[in-house]
Each structure stands twice: as C-alpha cells, then as structure tokens.
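J.: Here is a sequence with its predicted model. Questions after.
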Amino acid sequence: MKFRLTSYRKQLWVSVSTGAFLFVVLYLYRSFGIQTNESFSGHSLFVRSVSFGLLTSLVFLINELLIAPFFSIDNFKKSIVWNVWEIFSAGTLSFLLFNYFWDWTELYLRGYFLMIFEFFIVMVIPVGVVNLLLNKKIHNNGHHSLINLKAENGKSQLTITSDKLFLLNLKIIMLMYSLNQMAN
C-alpha cells in the first residue's frame, strides 16, 4: 500500500493549522496571560508556546489518521461530535502539559474545565475554517477554490486554491513573527 499525501489533505490541514494557530495565539498575541509568569519548570514563553502547538498538532494528527478510520463520520452531526472529541482530547493533554510547566499547581477540576473551555474557544476557529474550506468543493480545474475575487468589470479575477493557502498562512505567520521581533 502506497502512502499518498494528497489523500490525507484535510487531516494534515486540520492537524497543522490547529497547532500553528495555537502557537500564534499563545506566542505572538500572548493570550491567556501565558507571558506574565515564568513557568516553574523554567521554560521560556517560546518553548511553552511551541510545545503547546506541537502537542495540539500531534493529538489532532493521531485522531485524524489513527482513530477516525474506526468511525463512520458521514454526516454533519457526526462531524460536529468528532470535532468536539478532537478538541476535547487535545485540550485534556494540553491541560496536563500546562500543569507540567507550572509544577502541577493547577491540577484541579475547576482549572480543568476552564482550560477545556478556553481551548475549545481557540480551536473552533482553525477547525471550523478547515472544515468549511475543504468540505466546500467548488470545481475549478479539479482544485478547491477558497477565495474567488472578481473585478467589477469582470475582466480580472483572483482565485486562491487550498494548495496555495498553506504557503500564504506560513508567510503571514512569519511576517507577524518578524514584526513582533522588531517591536521588542
């Protein structure tokens, strides 16, 4: 059996986008007060943000490639339940990683529910965007069109396909990181 990267497009997109998005939220936007305290483990903000991003991507990848094939996710309701499961499982492991960084000081039920709630709010964006964009098929030479802009006179048109969107996202993240570094 030959591994074909194109047959796992959605799975890879959701896995990479969730981790990258979480990194951007934590490191570049310094959300949830993560930058205010040095962790008890001594890890820097950058290491913690990368760790949370990598863990999230890994959990989503395991869910998408190893667990999802055992389930029939063939309608909208099942897709919603599956996405909630993915976010919940990644949030739970992120809660454990968070507690590792802060020497298990937040290991209580109220902290867990707060982490799951905050994690869910953050993950709805990348999971929702990937599902909306990759499940909505607009035929344009066999590609999924994500953005299709036309000039008022109809002579000019800009179309960005899913193949190019990943590179565009990387460039935007790199630009935001560079601007953040220049500001500091």
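T.: Here it is on my side, so go on.
J.: Quick one: mean pLDDT for the helix or strand hosting Val47?
T.: Per DSSP states H and E: Val47 is located in helix 45-62. Mean per-residue pLDDT for helix 45-62: 94.
J.: Kindly report the same for stretch 122-136.
T.: 81.
J.: Can you mark which positions in it are buried?
T.: Val122, Met123, Pro126, Val127, Val129, Val130, Asn131, Leu133, Leu134 (16 or more other Cβ atoms under 10 Å). From N, CA and C alone the C-beta is placed, and that goes for glycine too.
J.: Which pLDDT does the model give the residue lying closest to Tyr112 once chain neighbours are set aside?
T.: With sequence-adjacent residues excluded and distances taken as Cβ to Cβ, 6 or more residues apart in numbering, Tyr112 is closest to Phe95, at 5.5 Å. Phe95 carries a pLDDT score of 95 in this model.
J.: before we move on, what about Asp163?
T.: Asp163 is assigned 57 on the pLDDT scale.
J.: Could you do the one 5 residues further on as well?
T.: According to the prediction, Leu168 has pLDDT 63.
J.: quick one: Glu106 from Phe119, how far?
T.: Here the criterion is Cβ to Cβ, to the nearest Å. By it, Glu106 lies 13 Å from Phe119.
J.: which of the two has more neighbours?
T.: Phe119 (23 against 15; other Cβ atoms under 10 Å).
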